[in-house]
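Chemist: Let me see the structure of the following:
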Amino acid sequence: MPLTLACLLAFIAYAIGYSYGQEIITEQKFACVFNTISAAVRTSRFDGLKKSGWKASNNDEAAVFLAHVFHETDGLKTVREYCAPGCGTNYAGSWCSIKGK
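Modeler: Residues are numbered from 1 along each chain as shown. All right, here's what the predicted structure looks like:
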């Protein structure tokens, strides 16, 4: 059964936990959230997160960030969008009839 975004957020918020003065997203917690990829890929992605310099301010921010990353990257399995053959043209035009100035 696929995870819903609400379920994923709840899991991530639980998995993250927080102790004052400590890093919110640790390598162990990152591994818990992204447990469907190889350890080598996971380590590489976690190192990239650390090198970016970004740090979550609180549990909520960390949970939302990780859930968004999980959702948009299929659990860090891809860094490019999946697209079925021929679907690219479905997004070529604007869906909005309001024109900017």
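
Chemist: For A31, give its distance to F46.
Modeler: Separation of A31 from F46 (Cβ to Cβ, to the nearest Å): 8 Å. Quick note: C-beta positions are derived from backbone N, CA and C, even for glycine.

Chemist: Looking at those two, which one has more neighbours?
Modeler: F46 (18 against 15; other Cβ atoms under 10 Å).

Chemist: what about the more buried one, which helix or strand?
Modeler: Taking DSSP states H and E as the definition, F46 sits inside helix 39-52.

Chemist: So for that helix, what gets flagged as buried?
Modeler: R42, R45, F46, L49 (16 or more other Cβ atoms under 10 Å).

Chemist: helices or strands up against that helix?
Modeler: Using 3 or more Cβ pairs under 8 Å, 6 or more residues apart in numbering; DSSP states H and E as the contact test, the elements touching helix 39-52 are helix 27-33.

Chemist: got the buried residues for the helix it packs on?
Modeler: So, applying 16+ other Cβ under 10 Å, buried residues of helix 27-33: K29, F30, V33.

Chemist: quick one, what contacts I25?
Modeler: Residues near I25 by Cβ atoms under 8 Å, 6 or more residues apart in numbering: I16, L49, K55, A56, A62, L66.
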